[in-house]
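> based on what follows, work out the 3D shape:
(chains A and B, ligands or ions: 1)
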Amino acid sequence: MARAAVSGRLGERLRWRVATLVGQREETPTTRTLVLDVPGWPGHLAGQHVDVRLTAEDGYSTQRSYSIASAPDGALLELTVQQVSDGEVSPYLAHDLLAGDLLELRGPVGGWFVWRPDQTEPVLLVAGGSGIVPLMAMIRARRQLQMQLGPMAPFRLLYSVRSPADRMYLAELQAHDPGLDVHFLYTRQAPEGWQRPPRRLAEADLAAVAWPPSAQPTSYVCGPTGFVEHAADLLVGLGQAPDRIRTERFGPTGG
Amino acid sequence: MAIVSRGFQGRRRPSDHRLPPGQYETVDFPVLSAGPTPRVDRDTWRFSVVTEGGERHSWTWPQLMALPAERPVVDLHCVTKWSKFGTAWQGVSLDMLLAQIHTEAEFALVHAYGGYTTNLPLKDLLDGQAWIAYGYDGRDLTPEHGGPARLLVPHLYLWKSAKWVRGIQLLVRDEPGFWESAGYHDYGDPWREQRYQGD
Ligand SMILES: Cc1cc2nc3c(=O)[nH]c(=O)nc-3n(C[C@H](O)[C@H](O)[C@H](O)COP(=O)(O)OP(=O)(O)OC[C@H]3O[C@@H](n4cnc5c(N)ncnc54)[C@H](O)[C@@H]3O)c2cc1C
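Here you go, the predicted model:
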């Protein structure tokens, strides 16, 4: 059964824990999923994130946020990290970490950009690049519940990537998942024979996938800050109620 | 409990550089407020934390005094560009006040006597980063600096360290406070010069 997403006491939830890397998968040439064993993990909701802290030998330390990719009821926590080429933290996580290495993390963090199993309205997911990560947790949570309980709210995913090679979780997204529609959008290089020329997200792309406002959908938009601003503005332009559009910006550090 | 990350180097700031970009050092303690200085009586003073579900936790002045005090010595950075090094405070860590509270909130809206508000991520109030301060430089905190008690969050611009603090509202959605509604930055990291929205 799905583990209840208990938030626990604040002091407990936001305490630093030591996680051990127990496995990893390459998602794309620049993206890696880290499988972590986190003793005492209190459970989470699909869409929440953790803060990861790295400390150098001389005591220098820095933190970044990473969305939880795994569904809430896994015994292990999965993060998917996209390597930002000149980044301080992501190249280390996506490249240098080895099985058995330790990481400090705390969480889960976030109570707004989440999908809860009791939501019955249709859902639109809009992902730009690594913004797919928390949305994948929602897709996974929904699929697990559907296997246990029968049909859940329908999901549509619009996933914008630069090129076909940048699609994360490709096999899983192409597998049959009743009630989930997946649409890809390419901004720089489209697959052979693709009708739409590569360009960035436009209103017509969203109009083709979004639920009609009358269906009272909830939309979740996640990705780089500029992408999220643009997509959320377009959704409002399409008549979606602003308070039913939830956004998560993967802006750089802080903020 | 810092666990060393094998092979992690990171990027340090230039060493011994205490002044964030755009700031100058001052040795006096300027006073800047959005209105007249409220006079708050300790007998009626309350500090409350209200969760997103409406659950309220309150402390009276004697209850606050009964909690273990800390004596942080910190640098302050005001958005009006002065920084003051090595200020010495006495107060209660917010880790102490918030530890037992059940919440999924991610944001905090701080309320002050006099009506001032300011918002910040909840996690910036934890982990030894924030205090309810009632002593300054070995004395009681004077009203013009926020007495009887103010919030102290030295890693953010000083407008986040609400004077005359009276409570914290926990929110799942960020809500701008007084200056933030007027265009100031929602986070306010002095090292990134986050003064206004969009910085
Ligand atoms: C709530 C939240 C959840 C997140 N979840 C994920 C996740 O699941 N997977 C993931 O890979 N990342 C995620 N991020 C982004 C992540 O926190 C880091 O910002 C990112 O990994 C870059 O860190 P860095 O230290 O490598 O780069 P930095 O050293 O911080 O930055 C280096 C350079 O890259 C630029 N930069 C930094 N971040 C980005 C970015 N996201 N996009 C474009 N340019 C950038 C900076 O402006 C700078 O020029 C999330 C961010 C937030 C706020």
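
> phi and psi next, for the residue of the stretch 1-150 of chain A found nearest the ligand.
Nearest residue of the stretch 1-150 of chain A to the ligand: A:Gly87, at 2.0 Å (C-beta to the nearest ligand atom). For the C-beta atoms, the positions are set from N, CA and C on the backbone; glycine is no exception. Dihedral pair for A:Gly87: phi -80, psi 160, per degrees, to the nearest 10.

> just checking, A:Gln174 touches A:Val182?
Yes: taking C-beta atoms under 8 Å as the definition, A:Gln174 is a contact partner of A:Val182 at 7.4 Å.

> do stretch A:9-25 and chain B come into contact?
Yes: judged by C-beta under 8 Å from any C-beta of the partner chain, stretch A:9-25 and chain B are in contact via A:9-12, A:14, A:16, A:18.

> quick one: which of those has the most company?
A:Leu10 (25 neighbours; other C-beta atoms under 10 Å in any protein chain shown).

> does that one touch B:Ala99 like I think?
Yes: assessed by C-beta under 8 Å, A:Leu10 is found in contact with B:Ala99 at 6.6 Å.

> what residues does the stretch 1-150 of chain A put near chain B?
So far as C-beta under 8 Å from any C-beta goes, the stretch 1-150 of chain A lies against chain B at A:7-12, A:14, A:16, A:18, A:45, A:51, A:54-57, A:59-62, A:88, A:92, A:96, A:98, A:101-104, A:106, A:109-112.

> could you pull out the strands in chain B for me?
Along chain B, the segments classed as strands by DSSP state E run B:24-25, B:46-50, B:56-60, B:73-77, B:82-93, B:107-112, B:117-121, B:131-136, B:139-140, B:150-152, B:165-171.

> excluding chain neighbours, what is closest to the residue of chain B found nearest chain A?
With C-beta to the nearest C-beta, the shortest gap between chain B and chain A falls at B:Ala99, namely 3.0 Å. For B:Ala99, ignoring the flanking residues on the chain, the nearest one in space by C-beta to C-beta, 6 or more residues apart in numbering or on different chains is A:Gly11 at 3.0 Å.

> just the residues of stretch A:9-25 next to chain B: which are in helices?
Within these, residues falling in helices by DSSP state H are A:10-12.

> just put those residues in CSV and tack on distance to A:Met152.
Output for these, formatted as CSV (distance: C-beta to C-beta, whole Å):
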residue, distance to A:Met152
A:Leu10, 30
A:Gly11, 34
A:Glu12, 30
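
> can you list the residues of chain B near chain A?
Counting by C-beta under 8 Å from any C-beta, chain B sits next to chain A at B:1-12, B:52, B:95, B:98-106, B:122-123, B:126-127, B:172-173, B:186-187, B:189, B:192, B:194.

> can you select the buried ones among these for me in ChimeraX?
Those of the residues of chain B next to chain A that count as buried under 16 or more other C-beta atoms under 10 Å in any protein chain shown are selected in ChimeraX with:
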select /B:3,5,8,52,95,98,101,103,104,105,106,122,123,126,127,172,186,187,189,192,194
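
> what kind of secondary structure is A:Tyr159 in?
strand (DSSP: H, G, I helix; E, B strand; the rest coil).

> burial count for the closest residue to it other than its chain neighbours?
Spatial nearest neighbour of A:Tyr159, excluding adjacent residues (C-beta to C-beta, 6+ apart): A:Ala127 at 4.7 Å. A:Ala127 sits with 25 neighbouring residues when counted by other C-beta under 10 Å.

> do B:Gln129 as well
Using other C-beta under 10 Å, the number of residues around B:Gln129 comes to 18.

> who touches the residue nearest to B:Thr117 when sequence neighbours are not counted in this structure?
In space, and not counting its chain neighbours, B:Thr117 is closest to B:Gly177: 3.9 Å by C-beta to C-beta, 6+ apart. By C-beta atoms under 8 Å, 6 or more residues apart in numbering or on different chains, B:Gly177 lies in contact with B:109-110, B:116-119.

> circling back: most tightly packed of the strands of chain B?
Mean neighbours per residue, mean count of other C-beta atoms under 10 Å in any protein chain shown, is largest over these for strand B:150-152, with a mean of 25.
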